[in-house]
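A.B. asks: Return a 3D structure for these sequence lines:
(one chain, ligands or ions: 1)
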Amino acid sequence: MTAILARAPVTTHAPIPLFDLKRQQARLRFDIDRRIAKALDHGQYILGPEVTELEQDLAAFSGVKHCIAVSSGRDALIMALMAMGIGAGHAVFVPAFTFSATAAVVIAVGATPVFVDVDEATYNMDAARLDEAVASAKSRGLTPGAVMPVDLFGRPADYPALKAAADAHGLPLISDAAQSFGGALDGNRVGSLAPISCVSFYPTKPLGAFGDGGAVMTDEDDLAAAVRQIRTHGRQGDGDEAMRIGMTGRLDTIQAAILLSKLTVFKAELNRRAELAAIYQAELGDICTLPPADSDGVRSAWALYTVRVKYRDAVRAALTDRQIGTGLFYRVPLHRHPAFAATLTGSEHLPVSETLADEVLSLPMGPDLTDEEALRVVDAVADAIASI
Ligand SMILES: *Cc1c(COP(=O)(O)O)cnc(C)c1O
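C.D. replies: Numbers count the residues shown, from 1 in each chain. Next comes the predicted model:
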(Lines give C-alpha, C1' and ligand atoms only; values in the text may rest on other atoms or scores of the structure.)
Protein backbone atom coordinates (compact mmCIF):
# COMPACT_ATOMS: atom_id res chain seq x y z
CA MET A 1 0.00 0.00 0.00
CA THR A 2 2.80 2.43 0.78
CA ALA A 3 4.17 1.90 -2.72
CA ILE A 4 0.95 3.30 -4.10
CA LEU A 5 1.08 6.32 -1.82
CA ALA A 6 4.65 7.08 -2.89
CA ARG A 7 3.75 7.31 -6.56
CA ALA A 8 3.35 10.60 -8.38
CA PRO A 9 -0.14 12.07 -7.99
CA VAL A 10 -2.54 10.76 -10.61
CA THR A 11 -3.79 13.52 -12.85
CA THR A 12 -6.73 13.52 -15.19
CA HIS A 13 -4.75 15.45 -17.80
CA ALA A 14 -3.89 13.99 -21.16
CA PRO A 15 -0.23 13.09 -21.64
CA ILE A 16 1.97 15.72 -23.32
CA PRO A 17 4.30 14.16 -25.90
CA LEU A 18 7.73 15.57 -26.76
CA PHE A 19 6.50 16.14 -30.33
CA ASP A 20 2.87 16.15 -31.44
CA LEU A 21 2.63 15.68 -35.19
CA LYS A 22 -1.03 14.63 -35.11
CA ARG A 23 -2.47 18.05 -34.42
CA GLN A 24 -0.55 19.63 -37.28
CA GLN A 25 -1.67 16.90 -39.65
CA ALA A 26 -5.29 17.47 -38.64
CA ARG A 27 -4.91 21.24 -39.24
CA LEU A 28 -3.46 20.76 -42.71
CA ARG A 29 -5.07 17.49 -43.76
CA PHE A 30 -7.51 18.92 -46.29
CA ASP A 31 -4.86 20.90 -48.16
CA ILE A 32 -2.31 18.07 -48.03
CA ASP A 33 -4.84 15.54 -49.38
CA ARG A 34 -5.61 17.92 -52.23
CA ARG A 35 -1.96 18.41 -53.12
CA ILE A 36 -1.16 14.68 -52.97
CA ALA A 37 -4.16 13.93 -55.21
CA LYS A 38 -2.86 16.47 -57.71
CA ALA A 39 0.55 14.80 -57.74
CA LEU A 40 -1.03 11.38 -58.25
CA ASP A 41 -3.11 12.81 -61.10
CA HIS A 42 -0.10 14.14 -63.02
CA GLY A 43 1.96 11.07 -62.12
CA GLN A 44 5.46 12.62 -62.21
CA TYR A 45 6.61 10.82 -59.09
CA ILE A 46 10.27 11.76 -59.60
CA LEU A 47 11.24 15.47 -59.86
CA GLY A 48 7.68 16.55 -60.60
CA PRO A 49 6.59 20.21 -60.73
CA GLU A 50 6.09 20.30 -56.94
CA VAL A 51 9.83 19.70 -56.44
CA THR A 52 10.75 22.68 -58.63
CA GLU A 53 8.13 24.87 -56.94
CA LEU A 54 9.37 23.87 -53.50
CA GLU A 55 12.98 24.58 -54.45
CA GLN A 56 12.04 28.06 -55.64
CA ASP A 57 9.97 28.78 -52.53
CA LEU A 58 12.65 27.55 -50.14
CA ALA A 59 15.37 29.54 -51.93
CA ALA A 60 13.21 32.66 -51.71
CA PHE A 61 12.41 31.99 -48.06
CA SER A 62 16.11 31.74 -47.17
CA GLY A 63 17.31 34.47 -49.51
CA VAL A 64 19.67 32.10 -51.27
CA LYS A 65 20.22 31.62 -55.01
CA HIS A 66 19.97 27.83 -55.27
CA CYS A 67 18.00 25.20 -53.39
CA ILE A 68 18.27 21.54 -54.37
CA ALA A 69 15.65 19.29 -52.77
CA VAL A 70 17.13 15.95 -51.77
CA SER A 71 16.36 12.62 -50.14
CA SER A 72 17.33 13.41 -46.52
CA GLY A 73 19.43 15.66 -44.32
CA ARG A 74 22.16 13.06 -44.20
CA ASP A 75 22.22 12.77 -47.97
CA ALA A 76 22.29 16.58 -48.26
CA LEU A 77 25.47 16.61 -46.17
CA ILE A 78 27.05 13.79 -48.19
CA MET A 79 26.24 15.54 -51.47
CA ALA A 80 27.63 18.84 -50.17
CA LEU A 81 30.87 17.14 -49.12
CA MET A 82 31.12 15.36 -52.48
CA ALA A 83 30.43 18.59 -54.40
CA MET A 84 33.22 20.30 -52.46
CA GLY A 85 35.64 17.52 -53.27
CA ILE A 86 36.09 16.36 -49.68
CA GLY A 87 37.33 12.77 -49.49
CA ALA A 88 40.14 10.47 -48.42
CA GLY A 89 42.92 12.20 -46.51
CA HIS A 90 40.79 15.18 -45.51
CA ALA A 91 39.85 16.18 -42.00
CA VAL A 92 36.41 17.69 -41.47
CA PHE A 93 35.90 19.54 -38.19
CA VAL A 94 32.58 18.75 -36.51
CA PRO A 95 31.18 19.51 -33.06
CA ALA A 96 31.43 16.64 -30.57
CA PHE A 97 27.90 17.36 -29.29
CA THR A 98 25.42 16.66 -32.11
CA PHE A 99 23.51 13.89 -33.86
CA SER A 100 25.73 11.05 -35.06
CA ALA A 101 24.97 11.75 -38.76
CA THR A 102 27.15 14.88 -38.61
CA ALA A 103 30.25 12.70 -38.24
CA ALA A 104 28.97 9.64 -40.11
CA VAL A 105 28.67 11.57 -43.38
CA VAL A 106 32.32 12.58 -43.16
CA ILE A 107 33.33 8.93 -42.91
CA ALA A 108 30.88 8.04 -45.68
CA VAL A 109 32.88 10.20 -48.15
CA GLY A 110 36.17 8.69 -46.97
CA ALA A 111 37.31 11.63 -44.84
CA THR A 112 38.03 11.78 -41.10
CA PRO A 113 35.85 13.67 -38.60
CA VAL A 114 37.83 15.67 -36.06
CA PHE A 115 35.78 16.63 -33.04
CA VAL A 116 35.66 20.17 -31.71
CA ASP A 117 34.17 21.01 -28.33
CA VAL A 118 31.09 23.19 -28.05
CA ASP A 119 30.24 26.40 -26.24
CA GLU A 120 28.58 25.75 -22.90
CA ALA A 121 25.94 28.48 -23.28
CA THR A 122 24.81 27.87 -26.87
CA TYR A 123 25.64 24.13 -27.26
CA ASN A 124 27.18 25.04 -30.65
CA MET A 125 30.72 24.61 -31.99
CA ASP A 126 33.23 26.77 -30.11
CA ALA A 127 35.21 28.74 -32.70
CA ALA A 128 37.96 29.29 -30.13
CA ARG A 129 38.68 25.55 -30.17
CA LEU A 130 39.21 25.28 -33.94
CA ASP A 131 42.93 26.16 -34.03
CA GLU A 132 43.95 23.28 -31.80
CA ALA A 133 41.73 20.85 -33.75
CA VAL A 134 43.38 21.93 -37.02
CA ALA A 135 46.85 21.51 -35.47
CA SER A 136 45.89 18.07 -34.20
CA ALA A 137 44.60 17.00 -37.63
CA LYS A 138 47.79 18.19 -39.34
CA SER A 139 49.96 16.36 -36.82
CA ARG A 140 48.13 13.18 -37.84
CA GLY A 141 48.96 13.74 -41.50
CA LEU A 142 45.42 14.80 -42.45
CA THR A 143 44.69 17.68 -44.81
CA PRO A 144 42.14 20.06 -43.29
CA GLY A 145 39.18 20.09 -45.69
CA ALA A 146 36.19 21.91 -44.19
CA VAL A 147 34.55 23.08 -40.98
CA MET A 148 31.04 21.73 -40.42
CA PRO A 149 29.18 23.54 -37.63
CA VAL A 150 25.72 22.38 -36.51
CA ASP A 151 22.86 24.71 -35.54
CA LEU A 152 21.91 22.62 -32.57
CA PHE A 153 18.26 22.56 -31.46
CA GLY A 154 17.53 25.22 -34.10
CA ARG A 155 19.87 27.96 -32.94
CA PRO A 156 22.27 29.14 -35.64
CA ALA A 157 25.92 28.63 -34.75
CA ASP A 158 28.17 31.67 -34.39
CA TYR A 159 28.94 31.90 -38.12
CA PRO A 160 30.90 35.20 -38.01
CA ALA A 161 33.31 33.76 -35.41
CA LEU A 162 33.47 30.38 -37.14
CA LYS A 163 34.13 32.00 -40.51
CA ALA A 164 36.98 34.05 -39.06
CA ALA A 165 38.50 30.96 -37.44
CA ALA A 166 38.05 28.86 -40.60
CA ASP A 167 39.36 31.61 -42.91
CA ALA A 168 42.58 31.70 -40.89
CA HIS A 169 43.21 28.15 -42.15
CA GLY A 170 41.71 28.67 -45.62
CA LEU A 171 38.83 26.32 -44.81
CA PRO A 172 35.25 26.57 -46.14
CA LEU A 173 32.19 26.20 -43.90
CA ILE A 174 29.54 23.57 -44.54
CA SER A 175 26.49 24.22 -42.38
CA ASP A 176 24.68 21.23 -40.88
CA ALA A 177 21.40 23.11 -40.65
CA ALA A 178 19.36 19.93 -40.25
CA GLN A 179 17.59 21.34 -37.19
CA SER A 180 17.52 25.06 -37.90
CA PHE A 181 15.60 25.80 -41.07
CA GLY A 182 13.63 28.96 -40.29
CA GLY A 183 16.26 30.33 -37.89
CA ALA A 184 18.19 33.52 -38.64
CA LEU A 185 21.31 35.44 -37.74
CA ASP A 186 21.41 39.25 -38.06
CA GLY A 187 18.38 39.15 -40.35
CA ASN A 188 19.83 36.48 -42.65
CA ARG A 189 18.02 33.19 -42.67
CA VAL A 190 19.52 29.75 -42.26
CA GLY A 191 20.45 28.50 -45.72
CA SER A 192 22.35 31.71 -46.46
CA LEU A 193 24.74 31.67 -43.48
CA ALA A 194 27.47 29.47 -45.01
CA PRO A 195 28.72 28.85 -48.56
CA ILE A 196 26.69 25.63 -48.49
CA SER A 197 23.94 24.64 -46.04
CA CYS A 198 22.17 21.32 -45.53
CA VAL A 199 18.63 21.09 -44.19
CA SER A 200 16.57 18.07 -43.06
CA PHE A 201 12.83 17.59 -43.50
CA TYR A 202 12.68 14.58 -41.17
CA PRO A 203 9.14 14.66 -39.71
CA THR A 204 10.14 16.12 -36.32
CA LYS A 205 12.39 18.87 -37.71
CA PRO A 206 10.91 22.41 -37.76
CA LEU A 207 9.78 21.97 -41.39
CA GLY A 208 8.99 18.26 -41.56
CA ALA A 209 7.77 16.03 -44.38
CA PHE A 210 5.74 12.84 -43.90
CA GLY A 211 8.87 10.82 -44.57
CA ASP A 212 12.50 11.58 -45.29
CA GLY A 213 13.68 14.67 -47.14
CA GLY A 214 16.26 17.42 -47.15
CA ALA A 215 17.73 20.31 -49.11
CA VAL A 216 21.08 21.78 -50.06
CA MET A 217 21.26 25.56 -50.29
CA THR A 218 24.01 27.67 -51.80
CA ASP A 219 24.66 30.91 -53.64
CA GLU A 220 27.43 29.31 -55.68
CA ASP A 221 26.46 28.19 -59.19
CA ASP A 222 29.21 25.54 -59.47
CA LEU A 223 28.32 23.89 -56.18
CA ALA A 224 24.61 23.88 -57.07
CA ALA A 225 25.31 22.31 -60.46
CA ALA A 226 27.51 19.66 -58.86
CA VAL A 227 24.85 18.79 -56.25
CA ARG A 228 22.19 18.54 -58.98
CA GLN A 229 24.37 16.06 -60.87
CA ILE A 230 25.21 14.04 -57.77
CA ARG A 231 21.50 13.90 -56.82
CA THR A 232 20.72 11.97 -60.02
CA HIS A 233 23.48 9.37 -60.41
CA GLY A 234 26.01 11.94 -61.55
CA ARG A 235 24.05 12.55 -64.72
CA GLN A 236 23.93 15.83 -66.62
CA GLY A 237 20.38 16.79 -67.64
CA ASP A 238 18.63 13.93 -69.42
CA GLY A 239 21.84 12.21 -70.54
CA ASP A 240 22.60 8.70 -69.33
CA GLU A 241 26.34 9.37 -69.16
CA ALA A 242 27.65 9.54 -65.58
CA MET A 243 29.72 12.71 -65.35
CA ARG A 244 30.76 11.91 -61.77
CA ILE A 245 29.85 9.44 -59.04
CA GLY A 246 26.37 10.24 -57.81
CA MET A 247 23.52 8.76 -55.82
CA THR A 248 19.76 8.34 -55.76
CA GLY A 249 19.39 11.54 -53.84
CA ARG A 250 16.12 13.16 -54.91
CA LEU A 251 13.21 14.37 -52.81
CA ASP A 252 9.99 12.55 -53.79
CA THR A 253 7.34 14.62 -55.57
CA ILE A 254 4.77 13.59 -52.94
CA GLN A 255 6.98 14.82 -50.11
CA ALA A 256 7.47 18.11 -51.99
CA ALA A 257 3.67 18.44 -52.24
CA ILE A 258 3.36 17.93 -48.48
CA LEU A 259 6.17 20.40 -47.75
CA LEU A 260 4.55 23.04 -50.01
CA SER A 261 1.45 22.80 -47.85
CA LYS A 262 3.45 23.04 -44.63
CA LEU A 263 5.41 25.99 -45.96
CA THR A 264 2.19 28.04 -46.15
CA VAL A 265 1.97 28.00 -42.33
CA PHE A 266 5.66 27.76 -41.52
CA LYS A 267 6.23 31.40 -40.50
CA ALA A 268 3.27 31.27 -38.13
CA GLU A 269 4.58 28.01 -36.70
CA LEU A 270 8.03 29.52 -36.13
CA ASN A 271 6.40 32.41 -34.28
CA ARG A 272 4.42 29.98 -32.14
CA ARG A 273 7.57 28.00 -31.29
CA ALA A 274 9.25 31.29 -30.26
CA GLU A 275 6.26 32.18 -28.04
CA LEU A 276 6.47 28.82 -26.30
CA ALA A 277 10.23 29.18 -25.86
CA ALA A 278 9.56 32.57 -24.26
CA ILE A 279 7.08 30.98 -21.82
CA TYR A 280 9.64 28.36 -20.81
CA GLN A 281 12.29 31.07 -20.62
CA ALA A 282 10.17 33.17 -18.25
CA GLU A 283 9.00 30.30 -16.05
CA LEU A 284 11.95 27.92 -15.78
CA GLY A 285 14.84 30.32 -15.12
CA ASP A 286 14.94 29.74 -11.36
CA ILE A 287 14.73 25.98 -11.71
CA CYS A 288 17.26 24.87 -14.30
CA THR A 289 19.89 26.14 -16.75
CA LEU A 290 18.19 27.48 -19.86
CA PRO A 291 19.25 27.72 -23.48
CA PRO A 292 19.97 31.29 -24.62
CA ALA A 293 16.87 33.31 -25.45
CA ASP A 294 16.30 34.74 -28.90
CA SER A 295 17.70 38.23 -29.37
CA ASP A 296 17.56 40.81 -32.14
CA GLY A 297 20.56 39.15 -33.73
CA VAL A 298 19.79 35.46 -33.21
CA ARG A 299 16.51 33.73 -34.03
CA SER A 300 16.32 30.05 -33.21
CA ALA A 301 13.95 27.80 -35.14
CA TRP A 302 13.30 26.17 -31.73
CA ALA A 303 13.38 22.63 -33.08
CA LEU A 304 13.85 21.57 -29.47
CA TYR A 305 13.75 23.37 -26.13
CA THR A 306 16.64 21.86 -24.21
CA VAL A 307 17.46 22.72 -20.61
CA ARG A 308 20.24 21.47 -18.35
CA VAL A 309 19.52 19.85 -14.98
CA LYS A 310 21.52 17.96 -12.39
CA TYR A 311 20.32 14.41 -11.74
CA ARG A 312 18.89 14.54 -15.25
CA ASP A 313 17.88 10.88 -15.45
CA ALA A 314 15.91 11.11 -12.20
CA VAL A 315 14.19 14.30 -13.34
CA ARG A 316 13.33 12.64 -16.62
CA ALA A 317 11.88 9.59 -14.85
CA ALA A 318 9.74 11.87 -12.66
CA LEU A 319 8.45 13.66 -15.77
CA THR A 320 7.67 10.34 -17.43
CA ASP A 321 5.62 9.43 -14.32
CA ARG A 322 3.68 12.65 -14.88
CA GLN A 323 3.16 11.69 -18.54
CA ILE A 324 5.35 14.49 -19.85
CA GLY A 325 7.38 13.40 -22.87
CA THR A 326 11.07 14.36 -22.89
CA GLY A 327 14.07 13.61 -25.06
CA LEU A 328 17.79 13.12 -24.52
CA PHE A 329 19.59 14.93 -27.32
CA TYR A 330 22.31 13.83 -26.90
CA ARG A 331 23.11 11.27 -24.24
CA VAL A 332 26.49 10.31 -25.71
CA PRO A 333 29.01 12.77 -27.22
CA LEU A 334 30.29 11.69 -30.62
CA HIS A 335 33.77 10.68 -29.44
CA ARG A 336 32.11 8.04 -27.24
CA HIS A 337 30.15 6.40 -30.09
CA PRO A 338 31.54 2.97 -31.03
CA ALA A 339 31.16 3.84 -34.73
CA PHE A 340 33.73 6.63 -34.46
CA ALA A 341 36.23 4.89 -32.15
CA ALA A 342 38.62 4.14 -35.02
CA THR A 343 38.89 7.85 -35.90
CA LEU A 344 40.04 8.95 -32.43
CA THR A 345 43.57 9.83 -31.34
CA GLY A 346 42.86 8.98 -27.71
CA SER A 347 43.84 12.46 -26.57
CA GLU A 348 40.50 14.15 -27.31
CA HIS A 349 39.69 16.76 -24.68
CA LEU A 350 35.99 17.63 -25.01
CA PRO A 351 34.77 18.38 -21.48
CA VAL A 352 31.83 20.64 -22.36
CA SER A 353 30.32 18.04 -24.70
CA GLU A 354 30.69 15.42 -21.97
CA THR A 355 29.00 17.58 -19.34
CA LEU A 356 26.15 18.53 -21.66
CA ALA A 357 25.54 14.89 -22.55
CA ASP A 358 24.98 14.19 -18.83
CA GLU A 359 22.71 17.15 -18.18
CA VAL A 360 20.58 18.00 -21.21
CA LEU A 361 16.85 17.37 -21.24
CA SER A 362 14.54 18.37 -24.09
CA LEU A 363 10.99 19.42 -23.19
CA PRO A 364 7.81 19.27 -25.29
CA MET A 365 7.94 21.76 -28.17
CA GLY A 366 5.95 22.27 -31.33
CA PRO A 367 3.56 24.67 -33.03
CA ASP A 368 0.46 22.97 -31.59
CA LEU A 369 1.47 22.93 -27.94
CA THR A 370 -0.92 25.16 -25.97
CA ASP A 371 0.07 27.74 -23.34
CA GLU A 372 -1.77 25.66 -20.76
CA GLU A 373 0.25 22.58 -21.71
CA ALA A 374 3.52 24.51 -21.60
CA LEU A 375 2.63 25.70 -18.09
CA ARG A 376 1.82 22.13 -17.07
CA VAL A 377 5.28 21.13 -18.31
CA VAL A 378 6.78 23.95 -16.23
CA ASP A 379 4.92 22.80 -13.09
CA ALA A 380 5.91 19.20 -13.71
CA VAL A 381 9.59 20.14 -14.11
CA ALA A 382 9.43 22.17 -10.88
CA ASP A 383 7.77 19.28 -9.04
CA ALA A 384 10.20 16.75 -10.50
CA ILE A 385 13.25 18.75 -9.43
CA ALA A 386 11.81 19.42 -6.00
CA SER A 387 11.11 15.72 -5.51
CA ILE A 388 14.76 14.70 -6.04
C1 LIG B 1 18.38 15.12 -38.29
C2 LIG B 1 19.82 15.46 -38.41
C3 LIG B 1 20.61 15.01 -39.49
C4 LIG B 1 20.12 14.00 -40.50
O5 LIG B 1 18.95 14.36 -41.14
P6 LIG B 1 18.04 13.20 -41.76
O7 LIG B 1 17.07 13.95 -42.60
O8 LIG B 1 17.42 12.47 -40.62
O9 LIG B 1 18.94 12.32 -42.57
C10 LIG B 1 21.90 15.46 -39.59
N11 LIG B 1 22.42 16.29 -38.66
C12 LIG B 1 21.71 16.73 -37.61
C13 LIG B 1 22.33 17.67 -36.65
C14 LIG B 1 20.39 16.31 -37.45
O15 LIG B 1 19.69 16.74 -36.39
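
A.B. asks: contacting residues for the residue lying closest to residue 325 once chain neighbours are set aside?
C.D. replies: In space, and not counting its chain neighbours, residue 325 is closest to residue 18: 3.7 Å by C-beta to C-beta, 6 or more residues apart in numbering. C-beta: built from backbone N, CA, C; applies to glycine. Taking C-beta atoms under 8 Å, 6 or more residues apart in numbering, we find residue 18 in contact with 325-327, 362-365.

A.B. asks: Next step: those residues restricted to strands.
C.D. replies: Using DSSP state E, the subset of those located in strands is 362-363.

A.B. asks: Looking at the contacts of residue 18, which one is closest to residue 36?
C.D. replies: Distance to residue 36 across the contacts of residue 18 (C-beta to C-beta) is lowest for residue 365, with 27.1 Å.

A.B. asks: Verify the contact between the closest one and residue 305 for me.
C.D. replies: Yes - contact between residue 365 and residue 305 holds when scored by C-beta atoms under 8 Å: they sit 4.5 Å apart.

A.B. asks: Between these two, which contacts overlap?
C.D. replies: Joint contacts of residue 365 and residue 305 (C-beta under 8 Å, 6+ apart) are 276-277.

A.B. asks: Do a quick rundown of the strands in the protein.
C.D. replies: Assigned by DSSP E, the strands in the chain fall at 66-70, 90-95, 112-116, 143-147, 174-176, 184-185, 188-189, 196-200, 214-218, 298-299, 305-308, 360-363.

A.B. asks: Dump those to JSON lines, plus mean neighbour count and distance to residue 56.
C.D. replies: Output for these, formatted as JSON lines (neighbours: other C-beta atoms under 10 Å; distance: least, C-beta to C-beta, whole Å):
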{"stretch": "strand 66-70", "mean neighbour count": "26", "distance to residue 56": "8"}
{"stretch": "strand 90-95", "mean neighbour count": "27", "distance to residue 56": "30"}
{"stretch": "strand 112-116", "mean neighbour count": "25", "distance to residue 56": "34"}
{"stretch": "strand 143-147", "mean neighbour count": "22", "distance to residue 56": "28"}
{"stretch": "strand 174-176", "mean neighbour count": "30", "distance to residue 56": "21"}
{"stretch": "strand 184-185", "mean neighbour count": "21", "distance to residue 56": "20"}
{"stretch": "strand 188-189", "mean neighbour count": "18", "distance to residue 56": "15"}
{"stretch": "strand 196-200", "mean neighbour count": "30", "distance to residue 56": "15"}
{"stretch": "strand 214-218", "mean neighbour count": "30", "distance to residue 56": "12"}
{"stretch": "strand 298-299", "mean neighbour count": "20", "distance to residue 56": "23"}
{"stretch": "strand 305-308", "mean neighbour count": "22", "distance to residue 56": "32"}
{"stretch": "strand 360-363", "mean neighbour count": "23", "distance to residue 56": "33"}
